[in-house]
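1. coordinates for the following, if possible.
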Amino acid sequence: MASISSCPHQSDLSKLQQPKLSQFVHREECTQCFDNQDGDAGVDVCLVCFNGSCLGQDRHHTRTHVFRSGHSFTLNVKRAPKPKPNSRGDGDEPPAKMTKLAIIQEREEDKYEHRTTLKCWKCDAENGKEITTDSSTASGLTLLESRGIGFTCLSTQTKRLTDGVMQALSSARQSEVQAWEEEITSCEHTLLLEQLPGGSIPAEGLAHCASCELTSNLWLCLTCGALGCGRPQYGDVGAKGNGHALAHFNATQHPVCVKLGTITPEGGADIYCYACNDARLNPELTRHLSTFGINIASQTKTEKSMTELQIEQNLTFDFSLTAEDGSALVPLFGPGNTGLSNLGNSCYMASVLQTLFSLPAFQERYYLPPSLGVSPNFVSEDASTHWLTCNQSLPADCLECQMFKVADGLLSGRYSKPHTEQPPADPLAHSAPEHTPWQLGLKPTGFKALVGKGHAEFATMRQQDAEEFFGHLLTVLRRFNHQTRGGAPAEGEPTEIFAFGLEQRLQCQGCHRVRYRVDNMDVLSLGVPAQEVPEEEGGSAPDSAKPDNVPAKTKYAPVALEQCLGLLLGQTGQEMLEYQCEAGCGKTYAVRQTQLATFPEVLVLHAKKFQLKNWVPTKLDIPIILPERDLILDQYLGQGLQPGEQELPDGSSSSTGSFPQFDAEAMGQLEACGFPTVRCQKALLATGNAGAEDGHGGVDIDDPIPVNSGSSGGASGPEPSADHIAMLADMGFTSAQARKALLETGGDPERAVDWLFNHPDDTGETLPPSSSSAPAEGKKSPPGSTTLPAKYRLKAFISHKGPSVHSGHYVAHIRLRGLGPGDAMDVDGNGEWVLFNDEKVVVADHGSVEELKKLAYMYIFERVQATPSSM
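-> This is a model prediction of the structure:
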């Protein structure tokens, strides 16, 4: 360690500024690895840009930052737990009994003490030199001890900078606060609320829903004073309801309501606007409540808020860490067995990340070839090169840096170690069997913030859909790589292992001409037929452990995976459609059949098991029976245009490409159920705008929304925004490609990006009508392979536990090699199933694997390469 002495560059400290409120201060963790302030070396915080970096000799992140930025001064931050206070004495009062769910924020200074050291990297470019200000020029030198932070003979200038860093809200802390706080604002409906004359509502305990007898989960209409029960929320721990408050809104269009029992004297309450389909603030709540005889100053909170219900349900839905015989499952540590802490409804992200980095393609791209043995201090050569050449000033803003960071964290094993001390009181930590060693788990806050940036859902801390996040992450990675490569082909990128072509064949029943279309896909979404088991056969059996007023859980008949595949890709999946034939048959019918144009290297199956019940998306626990051995897809390979088949004209010369119009009322009803706008549009498109009742059955449709032209070559419509074209061009696409993508997607930039990645061979040129029927020369083949046999073996599956898409908990089961013999799907005996449940990583017992495998939400299959003897 460098000796403490005066620094000839200390006068430069006066030029440095404290962090602004808008700046992230990365003092808790290195932005390029998961080394943090609790380690022996601590974290160095740059006093210019406030980047956090580690001092590891192998990763050299602080030295690299100093070299690239030219910033000379850092503040080293180390944190250590304070000694725990003694238990209460015999004469002390017992703690107050907890009467409601509450998350009490512990101040960091109450739990930890910090030590900070100022360092100059001009004096020592290798390790940084610890310094103090020269006493001959310092003014106001004091010995300070404040907020648990040690200051030893620091100048006023140095103290100012240190206080600025330590008192700023760190980037990690900002994410933790967001995990429990949702940004709720007012809307035009709460600000301009008009009330109708009404009398006082019944006193607490006497009020009930106007349409049923429920006395809890009651919502008061702030327009007319009507009382209605809410929708059922968050399963057994949540609120019961029949949706009568929503029915009142549909009948009267009175938008704003408040949940009785959540009103506090301070003006807090759950307020919901049905017109906005979101929680809102009401600055005039006191006055609005007084209209119905409610004195807000006398109110007492008697029911849990929606946030409290969501938190409780997320924590209650835990996957057991004990085997069928009651023994604790064996925890795993070391490379590839590192858990991820729950950041607040982040289990969907953790399950996807664990699955991705268990695949060789992602390991090789972001860490190393998995066949090589590594030490915990191994550093990827690609990562080292990128650290020196990264074009982002801050690693926290670079997706490549964050992917290297996550890969190192999960695969190196450096952070997967038993934790010997008792865990802190963390409301997000899952309970573990007594005396079982555990690991702290990594907190990928920077990765989550960067990947979710600008997205309406993934930028929030609400629970999300794992399959939607998987697709979003692939899109974000492709955007970044496309821009980095300057539009060069994506060969070698791990995202391409999921890509395949999905062939759609349309045949007119009048002239029998055909049209083929191939879309690039990453996920094959399968509808799962729901057949309830009659009660006399064991279905809907009452559960003796539940109260009498809780309805019995519906049981569904098992469905074979091959049946689900057949309903999409087989003969049973053919659809008869009304069709306007471009070949002159007029209005007639056409048969559409979907098959695989190519096979991916890694097949991701998405089991769609949700339906609307009482206007709430509800999950159906339909067991899916997987094959005993391998999954064979040979029979689902499409053949493309066959000899003797005549193609339909594409119709680009006779129709104008216009975006479909949707029934506004039906769209509002579906969006009120929590479905994204795009999926609501797809649902109504599939049902011919028949209304929400028919549209809810198609909310999971994943085909792109087609324009009415029926052709990608003749799209027309309003000229796209120049800003949208420039935004897409910044991603590496040409202006012609950007313009055409926006025309094809009705000007929607998000869908335009998806269109561009699904049409990588499209140059953006609009073909003249005379050439529309001619095949394009040099057209790029769809991703994937047509080689047979197409044999797949289960690698991982992601399970969801909980009743609704808006809540619950995700875990991942992954078959890892080198642990022991596997199960029926693991025919070569080269792996064992491992359960990744946030920060807990354990060997999964056979019984739970077999049961959860049937109820999984996503299945990940690896293609089995054919051996010469089997060909």
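2. contacts only, for the closest residue to Gly570 other than its chain neighbours.
-> For Gly570, the nearest residue in space outside its immediate sequence neighbours is Tyr636; the separation is 7.0 Å by C-beta to C-beta, 6 or more residues apart in numbering. All C-beta spots, glycine's among them, are computed from the backbone N, C-alpha and C. Listed by C-beta atoms under 8 Å, 6 or more residues apart in numbering, the contact partners of Tyr636 are 565, 569-570, 595-596.
3. quick one: which of those residues is most hemmed in?
-> For the contacts of Tyr636, neighbours were counted by other C-beta atoms under 10 Å; the highest total belongs to Leu596, with 27 neighbours.
4. do you know the pLDDT at the spatially closest residue to it that is not a sequence neighbour?
-> Here the nearest residue to Leu596 in space, its sequence neighbours aside, is Tyr636; by C-beta to C-beta, 6+ apart that works out to 5.0 Å. Reading off the per-residue confidence, Tyr636 sits at a pLDDT of 95.
5. of the contacts of Tyr636, closest to Asn282?
-> Sorting those by distance to Asn282 puts Leu565 at the head of the list, at 50.2 Å, by C-beta to C-beta.
6. how much space between that closest one and Arg863?
-> 16 Å (C-beta to C-beta, to the nearest Å).
7. with Cys257 instead?
-> Where Arg863 is concerned, Cys257 sits at a distance of 52 Å (C-beta to C-beta).
8. and for Leu569?
-> 17 Å.
9. tell me which element Tyr348 is part of?
-> helix 347-356 (DSSP states H and E).
10. an error on my part: the question was meant for Ser186.
-> Assessed by DSSP H and E, Ser186 sits outside every helix and strand.
11. need the per-residue pLDDT for the residue nearest to it when sequence neighbours are not counted.
-> Counting by C-beta to C-beta, 6+ apart, Leu281 is the residue found nearest to Ser186 once chain neighbours are left out, at 4.7 Å. In the predicted model, Leu281 carries a pLDDT score of 90.
12. repeat for Lys682
-> Lys682 is assigned a predicted lDDT (pLDDT) of 61.
13. next: Ile271.
-> 93.
14. quick one: residues contacting it.
-> By C-beta under 8 Å, 6+ apart, the residues touching Ile271 are 190, 256-259, 279-282, 285.
15. so which of these is the closest to Glu601?
-> Lowest distance from Glu601 to the contacts of Ile271 (C-beta to C-beta) belongs to Ala279, with 42.9 Å.
16. count the neighbours of the closest one for me.
-> For Ala279, the tally of surrounding residues (other C-beta under 10 Å) stands at 16.
17. report the contact partners of it.
-> The neighbours of Ala279, taking C-beta under 8 Å, 6+ apart as the test, are 182, 184, 270-273, 306.
18. which of those are buried?
-> Among those, those classed as buried by neighbour count (16 or more other C-beta atoms under 10 Å) are 270-273, 306.
19. okay, and which of these map to strands?
-> Of the positions in those, 271-273 sit in strands, assigned by DSSP state E.
20. is it possible to get a markdown table of these that adds distance to Ala459?
-> Listed next are these as a markdown table, based on distance: C-beta to C-beta, whole Å:
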| residue | distance to Ala459 |
| --- | --- |
| Ile271 | 22 |
| Tyr272 | 21 |
| Cys273 | 21 |
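21. how about low-confidence regions in the stretch 251-400 of the chain?
-> 307-328, 369-376 (pLDDT under 70).
22. that one: strands as residue ranges?
-> With DSSP state E, counting those that start in this stretch as the definition, the stretch 251-400 of the chain shows strands at residue ranges 256-259, 271-273, 278-279.
23. how about those, which one is nearest Ala466?
-> If you check each of the strands of the stretch 251-400 of the chain against Ala466 by C-beta to C-beta, strand 278-279 wins as the nearest, at 22.7 Å.
24. pairing partners for that closest one, with directions?
-> Taking DSSP bridges as the criterion, strand 278-279 pairs within the sheet with strand 271-273 (antiparallel).
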